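A.B. asks: This is the structure alone, sequence omitted:
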């Protein structure tokens with residue numbers, strides 16, 4: 001294996017062959033699928049949160065508040081979003 005932690009194509013194919021030969025191919029596929037689903041769900045959750053934040057910012061900007069109140073509201077919203085990440 002190279003020093004950067006990335007597998008070469010040959011190392012990858014050897015690892016796959018060893019997993020299949022051990023009889024754990026189905027388990028590996030199941031684990032990979034679960035990982036992909038988890039990452040997909042996390043992406044959509046972050047996207048939804050960002051979309052909600054942008055909607056809130058647009059509502060603040062279009063409100064009848066003063067400019068300083070709008071800035072304060074957006075700043076508070078921004079700080080809340082950052083603290084959740």
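C.D. replies: Looks like it arrived, so ask away. Not measured: the values here are computed from a predicted model.
A.B. asks: Just name whatever secondary elements the helix ranked longest in the chain is in contact with.
C.D. replies: In the chain, with assignment by DSSP state H, the single longest helix is helix 25-61. Here helix 25-61 touches helix 67-84, going by 3 or more Cβ pairs under 8 Å, 6 or more residues apart in numbering; DSSP states H and E. All C-beta spots, glycine's among them, are computed from the backbone N, C-alpha and C.
A.B. asks: Return the set of buried residues in the helix it packs on.
C.D. replies: With burial defined by 16 or more other Cβ atoms under 10 Å, the residues of helix 67-84 counted as buried are 70, 73.
A.B. asks: One more: stretch 24-31?
C.D. replies: Within stretch 24-31, judged by 16+ other Cβ under 10 Å, no residue is buried.
A.B. asks: hmm, who's touching that stretch?
C.D. replies: residue 19 (Cβ atoms under 8 Å, 6 or more residues apart in numbering).
A.B. asks: same question for it, mean pLDDT?
C.D. replies: Taken as a whole, stretch 24-31 has a mean pLDDT of 95.
A.B. asks: quick one: residue 60 from residue 68, how far?
C.D. replies: 12 Å (Cβ to Cβ, to the nearest Å).
A.B. asks: got any ranges where this structure has weak pLDDT?
C.D. replies: Applying pLDDT under 70 to the chain flags residues 1-4, 81-85.
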